[in-house]
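Trainee: build me a model from this:
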Amino acid sequence: MAASALLLASCTSGSGGGAAANPTSSSATVSASQATTRAQEKKLTDQAQAALAAVHSGTMVEAGAERVTDGIHTEPTLSQGKTYKLNLVCIGSGNAQLTLTPASTGPKAEVPCDKSVVQQRLTAHKLPVRIDIDGVKGSTGVIAWQIDTV
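Mentor: Alright, predicted model coming up:
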C-alpha cells in the first residue's frame, strides 16, 4: 500500500511541464480575468441604468439588468387593460430581439447594443404578459430594462 502511494506521488510530481507544472499561474490568470469581466459588466450596467433613469417617467413597476448572453425573461405583474412603457437599453456590441407574449401586448422590436434607449408601449390585454429579450448570436454586453406606468 505504501509503495502504491509512493508510486502515485512520483508519477504526479515529475517535471512534465505544461499547465500542471504551475497551477497557481493559470488560476491567478483566470481569477484576474473574471475580476476584469465583473468590473466591465458593472461599468456597463451602471451606464445602462443611468440611461434609463434619464427617460424614467410614471411609477416604476419592475426593472433589472442582465448580460446580453443571458437575456431577459420575465412575467411582470401588470394590470389587464392598462398601458405601460417598457424602456430598454443595450450597451455592448450586436443586437437583441424583444418578443412579447401574447403578441397583442406589443410588436417585436430590435434593440441595438449602441447605448440608445428603445421605448415600447405595452398594453396588457391578456394576462400573464411575458417579456423575452434575447441577444442575437455573437452579441455581448448588458441589457437594462424598466417598466413604468403611463
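
Trainee: report the central residue of this structure.
Mentor: Taking CA atoms, centre = their mean, the centroid of the chain lies closest to Arg67, which sits 1.7 Å from it.

Trainee: my read is that that one contacts Glu41, right?
Mentor: Yes: look at Arg67 against Glu41 with CB atoms under 8 Å: they come within range, at 6.8 Å. In short, each C-beta sits where N, CA and C put it, glycine included.

Trainee: any shared contact partners between these two?
Mentor: Residues touching both Arg67 and Glu41 (CB atoms under 8 Å, 6 or more residues apart in numbering): Val142.

Trainee: walking through this protein, point out its strands one by one.
Mentor: Secondary structure of the chain (DSSP state E): strands located at 60-67, 72-74, 83-101, 109-123, 130-135, 140-149.

Trainee: and the first one, which strands flank it?
Mentor: What that stands for is strand 60-67. strand 140-149 (antiparallel) (DSSP bridges).

Trainee: now the strand it pairs with: buried residues?
Mentor: By neighbour count with 16 or more other CB atoms under 10 Å, strand 140-149 contains the buried residues Thr140, Gly141, Val142, Ile143, Ala144, Trp145, Gln146, Ile147, Asp148.

Trainee: and the pLDDT at the residue nearest to the centre of the chain?
Mentor: Arg67 is assigned 96 on the pLDDT scale.

Trainee: report the separation between it and Val89.
Mentor: Distance, Arg67 to Val89, using CB to CB, to the nearest Å: 14 Å.

Trainee: joint contacts of these two?
Mentor: Counting by CB under 8 Å, 6+ apart, the residues touching both Arg67 and Val89 are Ile143.

Trainee: so where is this protein shaky, pLDDT-wise?
Mentor: 1-33 (pLDDT under 70).

Trainee: mind redoing it with 50?
Mentor: Scanning the chain for pLDDT under 50 picks out 1-21.

Trainee: how long is stretch 49-62 end to end?
Mentor: The straight-line separation of the ends of stretch 49-62 (CA to CA, to the nearest Å) is 13 Å.

Trainee: also stretch 57-72?
Mentor: OK, stretch 57-72 end separation, CA to CA: 22 Å.

Trainee: same question, stretch 125-140
Mentor: 33 Å.

Trainee: return the distance of that stretch from the chain's centre.
Mentor: 12 Å (CA atoms, centre = their mean, to the nearest Å).
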